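Q: sequence and predicted structure, then a few things I'm wondering about:
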Amino acid sequence: MTQKREKLVLIGNGMAGVGTIEQILKLGGNYEITVFGSEPHPNYNRIMLSYVLEGSKTVEDIILNDLNWYKDNGITLHTGTTVTRIDEASRQIITADGMSVPYDKVIIATGSNSFILPIPGSTKEGVVGFRDIADCDAMLAAAKQYKQAAVIGGGLLGLEAAKGLVNLGMDVTVVHLMEDLMERQLDHNASSMLQAELERQGVKFAMGKQTVELTGEERVSGLRFSDGTELAADFVVMAVGIKPNVAVAAASGITVNRGIVVNDYLQTSMHNVFSVGECTEHRGACYGLVAPLFEQGMVLAKHLCGADTKPYEGSVVSTKLKISGVDVFSAGEFIESAEHTVISAKDDWKKTYKKILLKNNIIVGAVLFGDVTESANLQKLVKQGTEMTDEIYAELMGTGCCGSGGAKKTMAVETMADEEIVCGCNGVTKKAIVDAVTENGFTTVDEIKACTGATRSCGGCKPVVEQILQFVLGDSFQQSAKQGICTCTPLSRDEIVAEITAKGLKTTKEVMNVLGWKQEEGCSKCRPAINYYLGMIAPDTHEDEKESRFVNERMGANIQKDGTYTVIPRMYGGVTTPEDLKKIADVSLKYDVKVVKVTGGQRLDLIGVKKEDLPKVWEELDMPSGYGYAKSLRTVKTCVGSQFCRFGTQDSMGMGALMERKYERLDFPAKFKMAVNGCPRNCAESCTKDIGIVGNDGGWEIFIGGNGGIKPRIADSFCKVKTDEELIEVCSAVMQYYRETGNYLERTSEWVERMGLETIGAAILDDEVNRKALAARIDFALAQVSDPWKKLLKDDPTRKALFEEARV
Ligand SMILES: Cc1cc2nc3c(=O)[nH]c(=O)nc-3n(C[C@H](O)[C@H](O)[C@H](O)COP(=O)(O)OP(=O)(O)OC[C@H]3O[C@@H](n4cnc5c(N)ncnc54)[C@H](O)[C@@H]3O)c2cc1C
Ligand SMILES: NC(=O)c1ccc[n+]([C@@H]2O[C@H](COP(=O)([O-])OP(=O)(O)OC[C@H]3O[C@@H](n4cnc5c(N)ncnc54)[C@H](O)[C@@H]3O)[C@@H](O)[C@H]2O)c1
Ligand code: SF4
Ligand code: FES
């Protein structure tokens, strides 16, 4: 006779609750599981909402367990269903919509709610917290319609929200109560360095301000502060902390304080009812970060499965701000007092800061800014209450002899317990990583990420994951530690390019075969990259492999949400003629183009062309493609310049058109944008372009490495030239050097940072022979390119296969 399974009900479908269920499943717990969640989504990674807002991830990307996972594990899931109370007498869970479900055991994991300041105006339209997908959607929508945002609260959440809104194009002011940002994690030094860096990235600050009212009619229009000053804002995000959500527990008669009170085995005051996550109060502490929640979940899962477990004794927390270009870390105690011994180093030139606090020679806390390479190590030392020694000091402060660091670091992971969580964001233990190496043969961080989830969120655990790999793989680590371009190969980009050149490899298949790819067919990461490298190395003989290109490049147009495409005809230098405009209008009317949009690069974008109409549209336009989809020169934006403008000293329109004609159609590692301006007023915004050109001092100034996208970067001034010929030679050399040394998909903004401006200058400005050779090589490559549409329109079979049959 089979044993009757106990009914386990989870209230709260968030990271802590579902993390516990995952552990129970791993331990083979024999439960019939039901999950209730108020949100309409399956379990997702709340941490990554900051990336959704920033635009680097979508909601789909952050789903941790999709609906199939629940089904596959026999879990009954009720989304969009709020539990109101637990009826102990009848052992039933009662929901707001009248459902009652029997239980044997219950886990409450209802998380927290955003704390909304109880001030007049806080319920006005345009005021949100930042907690869930719905809040994130509200912020994304507001950014499209409104421009002036205020984020109240300069903690972790407020700063990540502010940076996200800046990326969305809003003018953002962080309003902070204290004089120091993140005062719960950072000391004054780190805090001011952080503020300076964020100001550089476009965030504004109003410090030491207490908001007493949100003004406006129905919609918020501003903030009023206690000192009588005001700030205009048509959108307000409250990020002033969280409030544990104890509603279900309180309504059920369970003891609550700030959170739901539990003992060391996560038991509440009600028999058979447990609690984990942000809603929980353990030994007087409520946590607001995921690492402690996973630690709680691990103890509870073992307890519920009858496995041996130590009691939960509390957690030491550490934080990492998820804003690119801002490296800040804090763990344990961070404000010094008389009982502390302080070790610190501040470097105003490198903009780095390190502070370590000792109490009776035990490492009790640390703050890092700028260089966080020691963060994982420090986190562990603080957590274990390690005594400071000469060796550890040398390791942390970089004063030891070189060569011994690696060994010491692996010693640190060697002493780590198997069950210790390495990746706080995803609850991955040391054992899970070791198993992924020993049982599955994985050898790289990427493979560990795909298998276990470690490093998938904030990335803060990557150094420890690397150290574990080093520890388990020993001598063979060096070979695998260098990251391949994808999981199909341990070879780096440079090694692949060298092998292709040395062995004269001709096709992606050949490269994969000869260089021993783990997956015969490669993957979507390596195939387009190799196709690019092959074309860059042998522009005259390489046969472009359409099947290795991304869909937009195969189709020669950008696919849209609704499955239609956009068509961008080339307009050299952003200049057109009445005849071309008429052609565009006629074709748009004939093929029912829904919207004609002027792009940021001064082109016309015909949006909503059906796939089967694409060849006819191009045929009838009879204009070159603007390559709006390609990893090649997109546009050369120009200002009016000396032909018409009163200030113009150079012919920017003429030079822009010349440049666009010269460099169009050639493949680059990533998309490439240019601008040409007639004078330093810079109306066509050279500073955010891969190459920006500005008429200056009777000649031209060349800027490189600018970017206005997700990771904005102001271009660096590269050099000044006197003549048009010099201008073209330098631009040609920069482009070819980028083509030859850039990683596939690496924008020039990243390339300049990686290579260093000095290296690029040495290769191009200081070495005339090399400059001329680079310029000659790009001319040779340019001589091989042709209009793809002209070719395609004559190639019936390809045209049919691409545009008239179902697959793309
Ligand atoms: C934007 C953002 C970024 C963050 N970044 C980080 C980070 O980088 N690092 C870090 O460690 N932490 C970060 N955090 C905090 C982290 O996300 C939380 O600590 C963690 O998600 C809490 O998990 P939880 O399961 O306890 O609560 P939650 O994730 O809040 O889950 C609780 C769930 O229960 C549901 N629920 C509540 N009441 C009921 C009810 N009565 N019936 C049914 N369902 C109910 C809620 O709708 C919710 O879905 C971030 C938080 C946010 C908002
Ligand atoms: N990278 C990360 O680890 C990360 C990112 C986002 C959120 N989170 C977590 O999410 C939770 C919420 O984050 P949070 O930043 O809102 O909480 P928080 O409590 O860490 O910070 C709130 C901040 O708001 C300030 N504040 C309070 N009242 C204010 C007022 N009236 N006006 C202006 N400022 C005021 C406080 O001084 C404090 O610095 C926290 O638990 C946090 O740890 C973590
Ligand atoms: S950048 Fe100078 S030349 Fe060009 S339009 Fe502006 S003011 Fe005129
Ligand atoms: S600790 Fe954040 S991804 Fe691992």
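A: Perfect, thanks for sending it. Residues are numbered from 1 along each chain as shown. Ligands and ions are numbered 1, 2, ... in the order given.

Q: give me the neighbour count for the closest residue to Gly164 other than its chain neighbours.
A: Spatial nearest neighbour of Gly164, chain neighbours left out: Leu53 (3.4 Å); criterion: Cβ to Cβ, 6 or more residues apart in numbering. All C-beta spots, glycine's among them, are computed from the backbone N, C-alpha and C. For Leu53, the neighbour count with other Cβ atoms under 10 Å is 24.

Q: Leu53 should be in a helix, yeah?
A: Yes. Looking at Leu53 with DSSP: H, G, I helix; E, B strand; the rest coil, it is inside a helix.

Q: that one contacts Asp137, doesn't it?
A: No. Taking Cβ atoms under 8 Å as the definition, Leu53 is not a contact partner of Asp137, at 9.8 Å.

Q: which SSE is Leu49 in?
A: For Leu49, the host element (DSSP states H and E) is helix 49-54.

Q: for the stretch 651-800 of the chain, what lies in contact range of ligand 3?
A: 652, 677-679, 681-683 (Cβ under 6 Å from any ligand atom).

Q: now the residue in the stretch 51-200 of the chain positioned nearest to ligand 3: closest residue in space that isn't a chain neighbour?
A: Ligand 3 sits closest to Gly169 of the stretch 51-200 of the chain, with a gap of 22.1 Å, by Cβ to the nearest ligand atom. Nearest residue to Gly169 in three dimensions, chain neighbours excluded: Ala143, at 6.4 Å (Cβ to Cβ, 6+ apart).

Q: what do you get for Ile108?
A: Counting by Cβ to Cβ, 6+ apart, the residue nearest Ile108 is Ser275, at 4.4 Å.

Q: returning to that earlier point: which element follows the helix or strand where the residue nearest to Gly169 lies toward the C-terminus?
A: Secondary structure from DSSP H and E places Ala143 in helix 133-145. Next helix or strand after helix 133-145 toward the C-terminus (DSSP H and E): strand 148-152.

Q: the residue lying closest to Ser625 once chain neighbours are set aside and Glu664, how far apart?
A: Spatial nearest neighbour of Ser625, chain neighbours left out: Trp789 (5.5 Å); criterion: Cβ to Cβ, 6+ apart. For Trp789, the distance to Glu664 equals 13 Å [Cβ to Cβ, to the nearest Å].

Q: what touches both of those two?
A: Common contact partners of Trp789 and Glu664 (Cβ atoms under 8 Å, 6 or more residues apart in numbering): Pro624.

Q: re the thing from before, confirm the residue of the stretch 51-200 of the chain closest to ligand 3 sits in a strand?
A: No. Per three-state DSSP, Gly169 lies outside any strand segment and is coil.

Q: need phi/psi at it.
A: Main-chain dihedrals, Gly169, degrees, to the nearest 10: phi 100, psi 10.

Q: I'd guessed it sits against Tyr146; true?
A: No. Assessed by Cβ under 8 Å, Gly169 is found out of contact with Tyr146, at 10.4 Å.

Q: neighbours of the residue nearest to Gly169, how many?
A: 21.

Q: so how far is Arg91 from it?
A: Distance, Ala143 to Arg91, using Cβ to Cβ: 48 Å.

Q: in the stretch 451-600 of the chain, which spans are strands?
A: Using DSSP state E, counting those that start in this stretch, the strands of the stretch 451-600 of the chain run over 558-559, 565-567, 595-598.

Q: let me fix that, I meant to ask about the stretch 651-800 of the chain.
A: Counting by DSSP E, counting those that start in this stretch, the stretch 651-800 of the chain has strands at residues 672-677, 691-696, 699-704, 716-721.
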